[in-house]
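Visitor: Got a sequence here, can you model it:
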Amino acid sequence: MPIALEPALVVADRYRLDRQLGQGGMGTVWAATNLETGQRVAIKLIRDPTRERPELRWRFMREARAAAGVQHPNVVQILDSFELDADTPIMVMELLEGETLGARLSRDRQLSLEETARLLLPAISAVGTAHSRGIVHRDLKPDNIYLSRSNDGVVVKVLDFGIAKLSDSMIVDSFSGTRTGATLGTPFYMAPEQATGDANVDHRADIWAFGVILYECLSGVRPIEGNNVPEVVMHLMSTGIVPLARMTRGVPEEVTVVIDRMLMRECSRRPQDLQEVARVISEHSGVAFRAFEPPAVRGPHISQRVPRISRLYTVFCVVAATAVLAALAIWHLFSHGR
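Guide: Numbers count the residues shown, from 1 in each chain. Take a look at the predicted model:
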């Protein structure tokens, strides 16, 4: 039986639930208080028993593992994770007060380059750091970029690594959370390779998503629209994106060009890491960003050329081995003939 969640319920003998903050497809998030320390936290719980849907537990634990693995001030901090019972994994996070970038865009619609840089460069740095550690977010969108209020102003936090793709060294369960051909992400911000269910989605899918978000912030409209998921995917695969320079004024050409490149359908034509994007936006906005390392090379997911090279190498080895065997056979024939 799932736990009946209500205010004042004490979870794990130390977290008192105060109020529900939100509810999604996977679980609910509550504001809570640690009764031992008095710290206010956010608690995320899976709603349904995970024995009936084991993929939920996998995704839930992967979110905790990925967010904790990034270790960046602009990624929501995971304070604790445990299982209340065999069916109820729980994640304890820092409590954020503020609004999402999505809520901000619903109110203001269009932002200046300086404001866009102030809000997105921290998120780009956070996701770039994730890439350097072999983690691909795969569900970047304005609703997963949180503008948290603090004494120092607004602190940007990247949320929801629930469908993140991890490097092999970070996998903590034998369950395969992503089946070949599965489509994960939010359609408006989904890269073409995600929309078609490509199993080899890499960090360049996040570069596409940031391109959509930047385009939306600076122009006030998304580059891809539709009334439903099939329409969005059809537009994505068949209709060209209007260049950003035609949708906004006053944005430097180098900025519009790099964003247009981020939205190239072929991932090999996009910027190959977020460092170039951060540098261009920073130079033209005057907003500094926290430096991060280039993407970790994790085999064929980083470059589509690797499989081709591997196949050519295999063919070369087969041909070489055949030639050697043929030479040995000829030598054997002539030596016995004497």
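Visitor: Domain boundaries for this structure, per the record?
Guide: Following automatic domain parsing, one gets these domains for the chain: 10-94, 98-300, 304-337.
Visitor: who wins for proximity to residue 4 among those domains?
Guide: When these are compared by CB to CB, domain 10-94 sits nearest residue 4, at 10.9 Å. Every residue, glycine included, has its C-beta placed from N, CA and C.
Visitor: Please, where are all the helices along the stretch 51-200 of the chain?
Guide: Counting by DSSP state H, counting those that start in this stretch, the stretch 51-200 of the chain has helices at residues 54-70, 101-108, 113-132, 192-195.
Visitor: With mean pLDDT, distance to residue 218 and mean neighbour count as added columns, please give the ones you listed in CSV.
Guide: Compiled in CSV, the helices of the stretch 51-200 of the chain are given as follows (pLDDT from 0 to 100; distance: least, CB to CB, whole Å; neighbours: other CB atoms under 10 Å):
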stretch, mean pLDDT, distance to residue 218, mean neighbour count
helix 54-70, 73, 26, 21
helix 101-108, 96, 11, 15
helix 113-132, 97, 6, 23
helix 192-195, 84, 22, 20
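Visitor: Next, format those as TSV and append distance to residue 286.
Guide: Formatted as TSV, the helices of the stretch 51-200 of the chain follow (distance: least, CB to CB, whole Å):
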stretch	distance to residue 286
helix 54-70	27
helix 101-108	20
helix 113-132	7
helix 192-195	33
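Visitor: Figure out which of the ones you listed is closest to residue 291.
Guide: helix 113-132 (7.5 Å).
Visitor: In terms of secondary structure, what does that closest one contact?
Guide: Applying 3 or more CB pairs under 8 Å, 6 or more residues apart in numbering; DSSP states H and E, one finds that helix 113-132 contacts helix 54-70, strand 145-150, strand 153-158, helix 204-219, helix 274-285.
Visitor: let's see it at 6 Å
Guide: Identification of packing neighbours for helix 113-132 by 3 or more CB pairs under 6 Å, 6 or more residues apart in numbering; DSSP states H and E yields strand 153-158, helix 204-219, helix 274-285.
Visitor: residue ranges with poor pLDDT in the stretch 201-338 of the chain?
Guide: 297-338 (pLDDT under 70).
Visitor: quick one, helices of it?
Guide: Under DSSP H, counting those that start in this stretch, the stretch 201-338 of the chain gives helices at 204-219, 229-238, 253-262, 274-285, 305-337.
Visitor: how big is the angle separating the first one from strand 145-150?
Guide: Note on geometry: by axes from the mean of the first three to the mean of the last three CA atoms, to 10 degrees, helix 204-219 and strand 145-150 are set 70 degrees apart in direction.
Visitor: what does helix 204-219 contact?
Guide: Residues outside helix 204-219 that contact it (CB atoms under 6 Å, 6 or more residues apart in numbering): 111, 116, 127, 136-137, 140, 189, 191, 194, 222-223, 244, 247-248, 251, 259, 262-263, 267, 270.
Visitor: The residue nearest the centre of the chain and residue 79, how far apart?
Guide: Central residue of the chain (CA atoms, centre = their mean): residue 137, 1.3 Å from the mean position. Using CB to CB, to the nearest Å, residue 137 is found at 20 Å from residue 79.
Visitor: again with residue 248
Guide: 40 Å.
Visitor: How about residue 23?
Guide: Distance, residue 23 to residue 79, using CB to CB: 21 Å.
Visitor: and if you look at residue 139?
Guide: On the measure of CB to CB, residue 139 and residue 79 end up 22 Å apart.
Visitor: Looking at those two, which one has more neighbours?
Guide: Taking neighbours as other CB atoms under 10 Å, residue 139 and residue 79 compare with residue 139 leading, 22 against 16.
Visitor: will you turn the domains of the chain into a markdown table that also has distance to residue 4?
Guide: Listed next are the domains of the chain as a markdown table, based on distance: least, CB to CB, whole Å:
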| stretch | distance to residue 4 |
| --- | --- |
| domain 10-94 | 11 |
| domain 98-300 | 24 |
| domain 304-337 | 49 |
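Visitor: nearest to residue 284, of the helices of the stretch 51-200 of the chain?
Guide: Residue 284 sits nearest to helix 113-132 of all the helices of the stretch 51-200 of the chain, at 6.6 Å, using CB to CB.
Visitor: Would you mind pulling the contact partners of that closest one?
Guide: 70, 72, 74-75, 137, 145, 156, 158, 203, 206, 217-218, 251, 274, 278, 281, 285, 287, 289-290, 292-293, 295-296.
Visitor: Produce a ChimeraX select command limited to the buried residues of these.
Guide: A single ChimeraX command selects the buried members of these (16 or more other CB atoms under 10 Å):
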select :70,72,74,75,137,145,156,158,203,206,217,218,251,274,278,281,285,287,289,292,295
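Visitor: Now do the contacts for residue 140.
Guide: Applying CB under 6 Å, 6+ apart, we find residue 140 in contact with 206, 209.
Visitor: switch the cut-off to 7 Å
Guide: Applying CB atoms under 7 Å, 6 or more residues apart in numbering, we find residue 140 in contact with 127, 189, 206, 209, 210, 213.
Visitor: That's all I had, so thanks and see you.
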